[in-house]
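In: model this:
(chains A, B, C, D and E, ligands or ions: 4)
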Amino acid sequence: MIRVENLHRHFGGFRAVDGASLEIAKGSITGLVGPNGAGKTTLFNVVAGALAPTSGRVLMDGEDVSGLPPHELFHKGLLRTFQIAHEFSSMSCRENLMMVPGSQSGESLWNAIFGRGRIAQEEAALLKKADEVLDFLTISHLKDEKAGNLSGGQKKLLELGRTMMVDAKIVFLDEVGAGVNRTLLNTIGDAILRLNQERGYTFCMIEHDMDFIGRLCDPVIVMAEGKVLAEGTVEEIKSNEAVIEAYLGTGLKNKEMIGG
Amino acid sequence: DEAKIGVILGFTGPIESLTPSMAGSAELALAEINESGNFLENVTLVPVRADSTCIDSAAATAAAERLVTTDGVVAIMGADCSGVTGAVLSNVAVPNGVPMISPSATSPALSAAEDNGLFFRTSPSDARQGEVLAGILGERGISSVAVTYTNNDYGKGFADAFEAAFKDAGGEITLAAPHEDGKADYSAEVGALASAGGDALVVLGYSDQGGKGMIQASLDTGAFDTFALGDGMYSDALLADLGSDIDGSFGSVPWAEGEGAEKFKAVAEAAGVNSESSYTRESYDAAALIALAMAKGGEPSSAAVAANILDVANAPGEPILPGELGKALEVLKAGGDIDYVGATNVELIGPGEAAGTYRYYEIKDGAFETVSFK
Amino acid sequence: MDFLNAFVALANFVIVPALAYGSQLALGALGVTLIYAILRFSNFAHGDTMAWGTMCAVLATWGLQAAGVSLGPLPTALLAIPVGIAGAAVLVLATDRVVYRFYRAQKAKPVILVIVSMGIMFVYNGLTRFVIGPDDQNFADGERFLISARDFKAMTGLDEGLAIKTTQALTVVVALITVSLLFWFLNRTRTGKSMRAYSDNEDLALLSGINPERVVTVTWLIVAALATIAGVLYGLDKSFKPFTYFQLLLPIFAAAIVGGIGNPLGAIAGGFVIAFSEVGITYAWKKFLTYFLPESMAPDGLVQLLSTDYKFAVSFVILVIVLLFRPTGLFKGQTI
Amino acid sequence: MSGETYGDRGNKDRSITNPAGMGTAMPVKPGGHAHPAPGGPFLIGEAMTGGYGKGADILHGCTIAVERGEIAVIVGPNGAGKSTAMKAVFGMLDLRSGSVRLDGEDITALSPQDRVKRGMGFVPQVRNIFPSMTVEENLEMGAFIRKDDFRQTMEQVYTLFPILRDKRKQAAGELSGGQRQQVAVGRALMTRPKVLMLDEPTAGVSPIVMDELFDRILEVARTGIPILMVEQNARQALEIADKGYVLVQGGNAFTGTGKELLADPDVRRSFLGG
Amino acid sequence: MTRTIGLFALVAALILGTGFLQSWNSALIILNMGLVSAIMALGVNLQWGLAGLFNVGVMGFVAVGGLAVVLVSMAPVPEAWDAGGPRVIGAILFGIAVVVAAVLAWKKLGTGVRGWAVAAITLVGFFLYRALLDPAVDAIEAVNPAATGYLGGLGLPVLLAWPVGGVMAAGVAWAIGKTALGLRSDYLAIATLGIAEIIIAVLKNEDWLARGVKNVIGLPRPVPYEIDLQADPGFVETAGSLGLDATTASTLAVKLGYSLLFTAVLVVLLILAQLALKSPWGRMMRAIRDNETAAEAMGKDVTRRHLQIFVLGCALCGMAGAMMTTLDGQLTPGTYQPLRYTFLVWVMVIVGGSGNNLGAVLGGFLIWFLWVQVEPMGQFAMNLITSGMSEGSAVKAHLQDSVQHMRLLTMGVILLLVLRFAPRGLLPEK
Ligand SMILES: Nc1ncnc2c1ncn2[C@@H]1O[C@H](COP(=O)(O)OP(=O)(O)OP(=O)(O)O)[C@@H](O)[C@H]1O
Ligand SMILES: Nc1ncnc2c1ncn2[C@@H]1O[C@H](COP(=O)(O)OP(=O)(O)OP(=O)(O)O)[C@@H](O)[C@H]1O
Ligand SMILES: [Mg+2]
Ligand SMILES: [Mg+2]
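Out: Numbers count the residues shown, from 1 in each chain, chains lettered A, B, ... in the order given. Ligands and ions are numbered 1, 2, ... in the order given. Model prediction:
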């Protein structure tokens, strides 16, 4: 699905991503972990088009997509969510969802003014879809609420909901778990699994919560110092010496975790 | 009864420093008429000021419109800058049939404006002064000069006229560089002009604006030490600021031969108006002409002004100087004829333009000295 | 070939004036940049603040002159600068109290302050004219030249003169002193560091016991001082006219942004970049080349890249080019 | 919300506005006075109710306290108001009701600056360093209110966090996440606080760095400074806590010793991830 | 809604009041410029209200619109064309080719050489361009400089100049937007501020184009001339039957003609703007304003949309500029001042209510009304204040001299008051 080949991204002299190569298989939920400053977010940003690579390639279904801007990647079926929720705060939840689909004819100024009939039809369809998604996310009671007034967890749900408005091929999730109540996180985990199984979405997610990773992800990729350090199932990773040294550590929490 | 006269000048904007004296002079003339007691039966002239902004045609038009349609002025003394003058003329004066006398709009282009016989000016078109100044340079045997002009219709028109006349006379212009008024720095212009060289720098600008800045910077760097000055540069303030540094410079200024200007100075000073500021003489004359034309026509109406201005301004008739407006009214009352000379030796030619005589002066010991009249 | 004369001509018409003009712009840009860094908005009223401060200094100068006080060869106005600064300080502090403080308390976005400063600009504009009127005011006295072109020629026997005005020298010297003082103040003193801290992270400054209102007050005081000094030096070198001070805003902004807005060093560099590009690129190189090249190669034309009408266009194009390659201006990285 | 009323309409023009470092706090205005209120814990924010600006209340009668020589830990779901409670204790937002008392004095009306002067130190959750100032200057700013010679304290901080000594001439913004957190704590220690408040000092740092930070915090606590701390790594934090608070929707849901909370099945299930 | 109606009624009352108290001519002239100002405010509001773009170069685009009127409607000057028309056009095409070549070179060449290549291309290209252009310009400007000295226009109907003005301003805006919005950080404000000055400099100094500072006067009108109406017996008769004298009737008729034209344009533009706003397009723009990064990740091309809205807003300013120049009947480059054409329009938008098209329109009318009427009001107030003072006292004289400067002060105070007490404008965005 996505192949990253020898990717570099430098900031001045600093090599944030330094020759990372990895592959995300179609239909998988791939986890991405690693110590602070390992270059995970940077890698994400390069793949999602927010940053241009210094060198190296990103292939999507065999097509070279390196350096394409985010909006073009979106149209190729690559979506992302943000670590800190990026809602459109002055718009209602419904509008937040309805604005997502890319090929709306009403987005051309000409149609917006002269093609009102067609737009009305499209809008009706969009509205229906948005309401379905809100239902799925269990927040349909909030459809007319301004997104800015949602709680942090609800914003995260909305963020996920946006990926459901179009038929995404691959979704990149940057720390969905961070700052989400555990119960809610379970709901989100369920949603991710359902999307993966029922609609065939491919996911790639950055996460620090090894429990969450353990529940959803296979395989897990560990990055350190801009390179891929290890790759494998959660169990393999947890027992990998190099990973323990660079990332998990031998502190009390992990002792406990590894111990059971 | 009151007859209102509009005084439209740029009280705000780039020439806001000139306008108070101009308005003062115009109102001085009107006051003189009123005090004489010889004006039309029971009619008092009342000036109404309005702001032309000098630059904003729309605001000037609105102000003029208000004067004409709300205040009901019968004639307009103004406007000042050629741009807004054109706008007021075509948008307000002509449609309403109200005559305008501008004291300071000198753009040659206004000569060709569609005015329906309603536009007059007491300052001569710059086309003529260009020739005069070129002649003066010829007289002094200067054959190579650099020119700097204020970048507006006045400066540009003047510079064009001057360049044409000077080249015709066989002179060489090394560089003609405009300067913007009110800008921060003139080093670039002076540097370029100095590099181009020339025996003198012809400055066609304003004495309290970029023109002074250009002279100052030229003197400071030693780029030029002789300056030929256009009428906008004539002011006591220039001498006061630059002192003896510009001794030996010379220039032309619309001026009447004889006592007109002197009389005006006396009259103005008595009234506390600064007579040496630019266009004060022209303003006085413009206002006086409006009043006299009314007196001649026997009624305080627009039509009377428009119809009689040329008559009172030109010969034949008894010459009238500033301060003698009362006498003029008496003559008119008695059915006589007058030839208003005023502060600037007014002579309206063609389509209501001042023919203009010019004073050729030289600066000696920090004072203007008349060389001759042209 | 006459290198000496060539150089003197260049110095006289390009280097010296551009240095002085550059210093004037730099002082103005310093004020703009300080407000940008610490109060986070571009102050459109800065030109008019300069006008007001200078006006106070002009009035004080007249008073001093009337009282017969004089500084000998130096302009009396130097003595009046403190009065000007006080006047400007009163005005900006009053404005801050009545206007800006409200928006700070509301946590209004900086762009609102920009728009507010436009309103302030209108008001100052009217105020200054209300007090001193719109006219050109000359308040320079003392010795005009350090060395005049004529004296220089007599002294050196060269064909070209080099004039250095007292005010030009003063401007450069004062600019240097002011900038050094400002640097010392910002980097070495407690108050200066607290201002940098406030500019870096407002909330954390509060948590460190820094009083934000004091930082703001000190900033305004420094800005008032910078604006007045810049305005008075400019007025001495050229002349004082309220309208011109408004017009100065554009080159000042250009200077601040070329240099890297928010960075004092950048303001200085930017001032000189703008001044040298305005004066240098529109300079007619004929005279210089005539001296510089062998006689056979002396140019016929003026060798002027662009007519002086477009001098501002030049500095603006340079601004855009700088921003294309260095998005944060010449001095990127840390502000203030 | 106020941000809406005076919003920027999405403008991000760098030539007119400076996006860096703008504050969000709506602190208690300077000029208030403290008055004696003897008894009670060393530091307590009692029955605090309030929110940001004109917005709805975030805190609803929330109480948190710490005794001399103790570590108190606050846990709870995101958005529960933990950071808000900390800020409220520090005077970074105006309370509608409730009081804050420190060492026998009611300081509810004091501005944050005055609380710093009374010996409170605070490391906020986010944006807790001065990024463009050097490490050393960051520490100096911590000592801003001190009139005496603070070099010795600085030495102590360097001894506690040796890496900072090596990096002292470097801009703090160029440091890694873990190092930044050390700078932040060091800055707070520079005031020589009588009480230290930490808002998620280990947030977003990798497990290894987290261990190290916890060790340091314990060391500080051992020097006798009471610590009031918000932690998401709840299990680890509660292990070392003398007292624990669970905050939910701006109010106290559970209170007890760290061990008690860890043992409570409800708390474990709902807030500690099972 | 009631607020909207109420405030518009207030503006209507102000203008009608002017009609009753001063004169109908004054009222109409305020109305006409109010209509033009409303369109300018609408343009700025599109940019600021919808996308947060800070355009401080309104003056430049208004001036470009003004230029369009000359280029479209003035009669061509055949002598000038013969003297150098084709050469000038050739030189300009060459100049454009140089710029394109430089950009291409930058894009195509490797990092090592491209700096030098671009420098060489621009430098050589510039000198060649000047060598081509200068003689042609001299030749054109030599043709009767006092009356023409320029190429003239196309001699087409002046109404055509309005859309053309919009298109020309859009073209300039496109070039600026491409550069400034493409800068790695956003520096639109300083870019527009500078460009506006450059546009004015070009208008002032390129005499071959539109006579520079010598002004073009006597532009054709889309409505009849008053004196023609006064000479038309039919008109005089109709006027008489309405109880009006010919002069008043003709001046009113002409102004009414403009009012109708302008109103038609404003209404059409307003409807278009409202339709666009209440559509998926408007929703997308609001999303971009709320959060650019997210909008980008949701497949919206933010830079292109910013460019689009910037171009649109500038086109409106250009069109308004063309209408204004038509109303003035002359193009006078010296009159373009940022205080009047940029900052005043901003006051209109902010006071009216940014983000709300109707608000911007309201602001346009209201501020223009004040801009014109503050002067007489100030005079009246000043007379009242000073009436108690002794004749000839210095204070009185000073106060009365200063009355004209009250206008700027008043505008500033109004802006400040609105930002304080109605921060989102008189008609806030919903
Ligand atoms: N814009 C930038 N300029 C300079 N350095 C940067 C920039 N962005 C990231 N870096 C550096 O690149 C490195 C990798 O950063 P990145 O955000 O990818 O880490 P990460 O793996 O996501 O870490 P974390 O787990 O803390 O989120 C860090 O050292 C960071 O300081
Ligand atoms: N500056 C602010 N202005 C307005 N509302 C705010 C502000 N900061 C936080 N809030 C709101 O207050 C509520 C509580 O936020 P707070 O930061 O106290 O939560 P928290 O418990 O610290 O969460 P976390 O675990 O994510 O740090 C949230 O709903 C948040 O949206
Ligand atoms: Mg990350
Ligand atoms: Mg928190």
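In: Show me what counts as buried in the longest helix seen in chain A.
Out: Counting residues, the longest helix found in chain A (DSSP state H) is helix A:116-136. Buried residues in helix A:116-136, counted by 16 or more other Cβ atoms under 10 Å in any protein chain shown: A:119, A:122, A:123, A:126, A:129, A:130, A:133, A:134, A:136. The C-beta positions use only the backbone N, C-alpha and C, and glycine is treated the same way.
In: just stretch B:242-255 next, same as before
Out: Quick answer for stretch B:242-255 (16+ other Cβ under 10 Å): B:242, B:245, B:246, B:247, B:249, B:250, B:251, B:252, B:253, B:254, B:255.
In: Spatially, which two of these are the most separated?
Out: B:245 and B:254 (25.2 Å; Cβ to Cβ).
In: So what's the residue count around the residue in the stretch 1-150 of chain A that chain C sits nearest to?
Out: The minimum distance from the stretch 1-150 of chain A to chain C, using Cβ to the nearest Cβ, falls at residue A:12 (10.8 Å). By other Cβ atoms under 10 Å in any protein chain shown, 5 other residues sit near residue A:12.
In: What distance do you get for it to chain B?
Out: Going from residue A:12 to chain B by Cβ to the nearest Cβ, to the nearest Å gives 38 Å.
In: Next, the contact list for that residue, please.
Out: Not one residue lies near residue A:12 by Cβ atoms under 8 Å, 6 or more residues apart in numbering or on different chains.
In: So stretch E:28-43, near chain A or not?
Out: No - using Cβ under 8 Å from any Cβ of the partner chain, stretch E:28-43 stays clear of chain A, with a minimum separation of 14.8 Å.
In: does chain C sit close to that stretch?
Out: No - Stretch E:28-43 lies out of reach of chain C by Cβ under 8 Å from any Cβ, never closer than 14.2 Å.
In: again, but for stretch E:51-69
Out: Yes - with Cβ under 8 Å from any Cβ as the criterion, chain C is reached by stretch E:51-69 at E:52, E:54.
In: Just the CA trace of that stretch, in CSV.
Out: What follows is stretch E:51-69, C-alpha atoms only, in CSV (Å, rounded to 0.1, in the frame of the first residue of the first chain):
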residue,chain,number,x,y,z
ALA,E,51,-10.0,34.5,4.5
GLY,E,52,-8.2,36.8,6.9
LEU,E,53,-6.1,38.2,4.1
PHE,E,54,-4.7,41.6,5.1
ASN,E,55,-4.7,43.7,2.0
VAL,E,56,-3.2,47.1,2.7
GLY,E,57,-2.9,47.9,-1.0
VAL,E,58,-6.5,48.7,-1.8
MET,E,59,-5.4,52.1,-3.2
GLY,E,60,-3.3,50.3,-5.9
PHE,E,61,-6.2,48.2,-7.2
VAL,E,62,-8.5,51.2,-7.2
ALA,E,63,-6.0,53.0,-9.3
VAL,E,64,-5.7,50.1,-11.7
GLY,E,65,-9.4,50.3,-12.2
GLY,E,66,-9.1,54.0,-12.9
LEU,E,67,-6.4,53.3,-15.5
ALA,E,68,-8.8,50.9,-17.2
VAL,E,69,-11.2,53.7,-17.8
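In: what's the average pLDDT for it?
Out: Stretch E:51-69 comes out with an average pLDDT of 95.
In: is that stretch anywhere near chain A?
Out: No - Stretch E:51-69 is not in contact with chain A by Cβ under 8 Å from any Cβ; minimum separation 12.3 Å.
In: And the strands in the stretch 251-374 of chain B, which stretches?
Out: All strands of the stretch 251-374 of chain B, identified by DSSP state E, counting those that start in this stretch, fall at B:318-320, B:338-340, B:348-349, B:353-354, B:358-364, B:367-373.
In: chain center to the second one, what's the gap?
Out: Here strand B:338-340 is found 19 Å from its chain centre; the criterion is Cα atoms, centre = their mean, to the nearest Å.
In: and what of the fifth one?
Out: In this view, strand B:358-364 has its centroid 17 Å away from the chain centroid, taken as Cα atoms, centre = their mean.
In: Name every strand pairing with it and say which way it goes.
Out: strand B:250-254 (antiparallel), strand B:367-373 (antiparallel) (DSSP bridges).
In: Could you do the first one as well?
Out: When pairs are called by DSSP bridges, strand B:318-320 turns out to pair with strand B:338-340 (parallel).
In: Check what contacts the partner strand and list those residues.
Out: Against strand B:338-340 from outside (Cβ under 8 Å, 6+ apart): B:285, B:288-289, B:292, B:296, B:312-320, B:328, B:331-332, B:346.
In: Which of the residues you listed are buried, as a PyMOL select command?
Out: To isolate the buried subset of the contacts of strand B:338-340 in PyMOL, counting by 16+ other Cβ under 10 Å, use the following:
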select buried, chain B and resi 285+288+289+292+296+312+313+314+317+318+320+328+331+332+346
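In: The residue nearest to residue C:235 when sequence neighbours are not counted: neighbouring residues, count only.
Out: Once flanking residues are discounted, residue C:235 sits nearest to residue C:54: 5.0 Å by Cβ to Cβ, 6 or more residues apart in numbering or on different chains. Residues lying near residue C:54 (other Cβ under 10 Å) number 35.
In: What residues sit buried inside the worst-scoring helix or strand of chain E on mean pLDDT?
Out: Least confident helix or strand of chain E, by mean pLDDT, DSSP states H and E, is helix E:394-402 with a mean of 76. Going by neighbour count (16+ other Cβ under 10 Å), the buried part of helix E:394-402 is E:396, E:399, E:400, E:401, E:402.
In: which of the buried residues of helix A:116-136 lies closest to chain D?
Out: residue A:134 (20.3 Å).
In: Against residue B:357, how distant is residue B:349?
Out: 12 Å (Cβ to Cβ, to the nearest Å).
In: ok, those two, which is more surrounded?
Out: Taking neighbours as other Cβ under 10 Å, residue B:349 and residue B:357 compare with residue B:357 leading, 20 against 15.
In: any idea what sits nearest that one, other than its immediate chain neighbours?
Out: residue B:345 (5.0 Å).
In: Pretty sure the one you found sits against residue B:260.
Out: Yes - the criterion here is Cβ atoms under 8 Å, and residue B:345 meets it with residue B:260 at 5.6 Å.
In: Where do the helices of chain B begin and end?
Out: B:19-36, B:57-65, B:82-88, B:94-96, B:126-139, B:153-168, B:187-196, B:210-221, B:236-242, B:260-270, B:280-297, B:302-313, B:325-333.
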